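Peer 1: Pasting the sequence and the predicted model now:
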Amino acid sequence: MDAATYLDAIRTNADVLVDAAEKSGLDARVPPCPEWNVGDLLGHIGRVHRWAAGNATRKPTDDFWPGNEIEIPEPEARPTWVRQGVGELVAALDRAPDSPAWTWIPPATVGFWQRRQAHETAMHRVDAEAAAGTAHPIDGELAADGIDEWLGLVGKTRRGAPPAGTGETMHFHCTDVTGEWLVHLTPDGIDVRREHAKGDVAARGTASDLLCWLQGRGPMDRLEVFGDEALLARWREVATF
């Protein structure tokens with residue numbers, strides 16, 4: 001996907017996110033994130049957008065900037081604050097994708113942030129809409145790209161160990177758009193291949209349903225599952241970044 005598509009996804013999903021937050025009310029619970037209310041969700045996404053904008057304008061050789069000093073306003077001010085932050089983020093990311101930028105894994109480019117923030121915003125839009133009562137699917141092509149990105153990021157954090165195994169395999173297959181992945185769990189981590197192949201377990205569904213399930217949203221019963229369901233359940237418990 002190109003930069004313009006990612007930036008448009010950030011704008012569009014952020015607008016819907018804030019609209020849904022205003023509809024539900026700031027005290028409404030967020031079903032996919034039960035420890036949060038909508039005000040908390042707005043505080044999170046507003047801070048993440050500003051943190052991403054800050055790191056996207058840093059050099060690859062700069063130190064990590066955690067963004068802890070970003071002050072989150074009182075809940076009633078957060079809808080406007082989030083909308084302002086989206087503008088700051090898009091302005092920071094409106095550059096050539098291969099422009100150098102600080103990232104926690106390669107490639108150290110602005111394109112990494114364009115992609116990451118498009119998917120971060122789309123998923124939290126789903127969260128906000130769930131709090132308002134109805135969560136609409138993520139666009140199929142964007143969701144398939146989100147699966148590809150997610151599988152490339154799993155285990156690649158600044159803390160903790162990556163998921164590992166003893167040779168187990170999982171196949172994920174989008175039914176509405178092009179997208180298939182074979183995930184091989186090895187003692188050293190995971191190996192991901194974009195291919196059609198038989199796994200110990202296979203999960204099929206729309207790209208949006210697959211992505212939401214992989215990221216802890218949505219039940220497994222939205223997917224067609226063949227094989228070792230327990231393997232999938234264990235995977236979702238440990239596959240984070």
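Peer 2: Great, that's in hand.

Peer 1: what's the domain layout of the protein?
Peer 2: 3-136, 144-238 (automatic domain parsing).

Peer 1: First-to-last residue distance for the shortest one?
Peer 2: For domain 144-238, the first and last residues are 21 Å from each other (C-alpha to C-alpha, to the nearest Å).

Peer 1: Could you give the separation of that domain from the chain centroid?
Peer 2: Offset of domain 144-238 from its chain centre (C-alpha atoms, centre = their mean, to the nearest Å): 14 Å.

Peer 1: Which secondary structure element is home to the residue in the chain sticking out farthest from the centre?
Peer 2: Seen from the C-alpha centroid of the chain, the residue lying at the greatest distance (C-alpha atoms, centre = their mean) is residue 166, 27.1 Å away. Using DSSP states H and E, residue 166 is not contained in any helix or strand.

Peer 1: Hmm, residue 185 and it touching each other?
Peer 2: Yes: applying C-beta atoms under 8 Å, one finds residue 166 in contact with residue 185, separated by 7.2 Å. From N, CA and C alone the C-beta is placed, and that goes for glycine too.

Peer 1: In terms of mean pLDDT, which of the domains of the chain ranks lowest?
Peer 2: When those are compared by mean pLDDT, domain 144-238 comes last with a mean of 91.

Peer 1: ok, back up a step: contacts only, for the residue farthest from the centre of the chain.
Peer 2: Residue 166 makes contacts with 185, 186, 187, as judged by C-beta atoms under 8 Å, 6 or more residues apart in numbering.

Peer 1: Restricted to buried residues, select those in ChimeraX.
Peer 2: In ChimeraX syntax, the buried subset of those is picked out as below (16 or more other C-beta atoms under 10 Å):
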select :185
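
Peer 1: in what helix or strand does residue 114 lie?
Peer 2: Going by DSSP H and E, residue 114 is part of helix 110-132.

Peer 1: What is that helix packed up against?
Peer 2: helix 3-24, helix 38-56, helix 78-93, helix 140-153, helix 207-214 (3 or more C-beta pairs under 8 Å, 6 or more residues apart in numbering; DSSP states H and E).

Peer 1: buried residues in the first one?
Peer 2: This means helix 3-24. So, applying 16+ other C-beta under 10 Å, buried residues of helix 3-24: 3, 5-7, 9-14, 16-18, 20-21, 24.

Peer 1: Please apply the same query to the third one.
Peer 2: For helix 78-93, burial by neighbour count (16+ other C-beta under 10 Å) applies to 78, 79, 81, 82, 85, 86, 89, 90, 92, 93.

Peer 1: which one of those residues sits closest to residue 124?
Peer 2: residue 82 (10.0 Å; C-beta to C-beta).

Peer 1: excluding its backbone neighbours, what's nearest that closest one?
Peer 2: Nearest residue to residue 82 in three dimensions, chain neighbours excluded: residue 46, at 4.4 Å (C-beta to C-beta, 6 or more residues apart in numbering).
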